[in-house]
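Chemist: predicted model and sequence below, questions to follow.
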Amino acid sequence: MPLADHLRELRNRLAKAMLAIVVVTVVAAFYYNDIINFFTKPVLDSVGCPSTFAELAKMPKGQQCAQITINGLLAPFTLALKVSLMAGVAIASPVWLYQLWAFVAPGLHRHEKKYAYAFVGTGVPLFFAGGLFAYKVLPTTAKVLIGFTPKDVNNLLPLDDLLDLVTRMVLVFGLSFELPLLLVMLNLTGILTGRRMLGWWRAMIMGITVFAAIATPSTDPLTMLALAVPIWVLYFGAVVFSLVNDRRKRLRAAEGPADDEASDLDLTPEDIGEVESVSSRRALPEQSSADRANGYDDVT
């Protein structure tokens, strides 16, 4: 396909993806209050607060609870726009992911498409599992953090900060669950072997633990372990898969190529050593002066 046709197809794919995001964003704007309540309800319930904004005003005085606030005249509109856009991108992800795949897929070989299907089919559930895990951990995190509030002091929590915290934790947990998929991809491409990954297990356990301690905002060890333990399990699962895949490659290499498969050519240049001189015989017998007439050779 010429370059102009590629650019025209890319424009059409992007237009369809953006249209889907805009349509879903407009629809989500009518339900942005429900979306906000969905994200804040576990946090409020964990610290004993009412589950909706309307009931926050009825909260008894002196109760140790985090009150969610919005500061600024334009803050409500900006918050509604941000929440709606975030929901539009997330809910419309099947559409724009398909458009991206439809643009890339024609240039892939059959085995490359097979790997792409496997990675997408595994990566998406892992990301959503990490995001769901973060959503379940948030109440415990909020309860521990609000517990540091001094007695008879109200904790005012800006709503945009709370949503940013929820979004950041969902992304961090979701991306951290993609670690085994990255290791498997490196193994399938031959960059990293399973034996080498297994040799890194001490450093990986320490690194995952430190990452979990930084990623979780609470100071309790249970929340940190709640993130670290699943990543440990996924890491060792990737190691086992890589070891099995390396063994399968060795067995296939030992069997040699199939009857209808060409063997690999070794094109590495080698030293030919010292050149041996070879004496050559004359192509024609040497002639005497009597055989020459008028300056020309008289060869019979």
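Modeler: It's in.
Chemist: now the lengthiest helix in the chain: buried residues?
Modeler: Taking DSSP state H as the assignment, the helix of the chain that covers the most residues is helix 110-146. By neighbour count on 16 or more other C-beta atoms under 10 Å, the buried set for helix 110-146 is 119, 123, 126-127, 130-131, 133-135, 137-146. Where C-beta positions appear, they are placed from N, C-alpha and C, glycine not excepted.
Chemist: now swap in stretch 191-206 and tell me
Modeler: 192-194, 197, 204.
Chemist: nearest to residue 171 among those?
Modeler: Nearest to residue 171 among those: residue 204, at 21.5 Å, using C-beta to C-beta.
Chemist: which ones are touching the closest one?
Modeler: Each residue near residue 204 by C-beta atoms under 8 Å, 6 or more residues apart in numbering is listed here: residue 235.
Chemist: counting by contacts, list what the longest helix of the chain packs against.
Modeler: Judged by 3 or more C-beta pairs under 8 Å, 6 or more residues apart in numbering; DSSP states H and E, the packing partners of helix 110-146 are helix 32-46, helix 93-104, helix 159-176, helix 179-188, helix 221-255.
Chemist: and the residue nearest the centre of the chain?
Modeler: residue 178 (5.6 Å; C-alpha atoms, centre = their mean).
Chemist: quick one: contacts for that residue?
Modeler: Listed by C-beta under 8 Å, 6+ apart, the contact set of residue 178 reads 123, 126-127, 130.
Chemist: next one: it from residue 230, what distance?
Modeler: Applying C-beta to C-beta, to the nearest Å, the value for residue 178 to residue 230 is 12 Å.
Chemist: that older thread, same list (the contacts of residue 178) but as a markdown table, adding distance to residue 252 and pLDDT.
Modeler: Compiled in a markdown table, those are given as follows (distance: C-beta to C-beta, whole Å; pLDDT from 0 to 100):
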| residue | distance to residue 252 | pLDDT |
| --- | --- | --- |
| 123 | 26 | 76 |
| 126 | 28 | 83 |
| 127 | 32 | 80 |
| 130 | 34 | 82 |
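Chemist: any regions of the stretch 201-300 of the chain where pLDDT drops low?
Modeler: By pLDDT under 70, the low-scoring segments of the stretch 201-300 of the chain are 216-220, 222-223, 256-267, 272-273, 275-276, 278-300.
Chemist: next one: phi and psi at the residue nearest to the centre of the chain?
Modeler: The main-chain torsion angles of residue 178 are listed as degrees, to the nearest 10 and equal phi -90, psi 0.
Chemist: just checking, which of the buried residues of stretch 191-206 belong to helices?
Modeler: Residues from the buried residues of stretch 191-206 lying in helices, with DSSP H as the criterion: 194, 197, 204.
Chemist: from residue 184, how far off is residue 110?
Modeler: In this structure, residue 110 lies at 20 Å from residue 184, with C-beta to C-beta as the measure.
Chemist: repeat for residue 159
Modeler: Spatial separation of residue 159 from residue 184 under the definition C-beta to C-beta is 39 Å.
Chemist: comparing those two, which shows the higher neighbour count?
Modeler: For residue 159 against residue 184, the residue with the higher neighbour count under other C-beta atoms under 10 Å is residue 184, and the figures read 22 against 19.
Chemist: can you give me the pLDDT of residue 53?
Modeler: Predicted confidence (pLDDT) at residue 53: the value is 53.
Chemist: then the one 3 residues further on?
Modeler: Among the per-residue scores, residue 56 holds a pLDDT of 53.
Chemist: could you do the one 3 residues further on as well?
Modeler: Here the pLDDT value assigned to residue 59 is 56.
Chemist: how about residue 50?
Modeler: Note on residue 50: pLDDT of 58.
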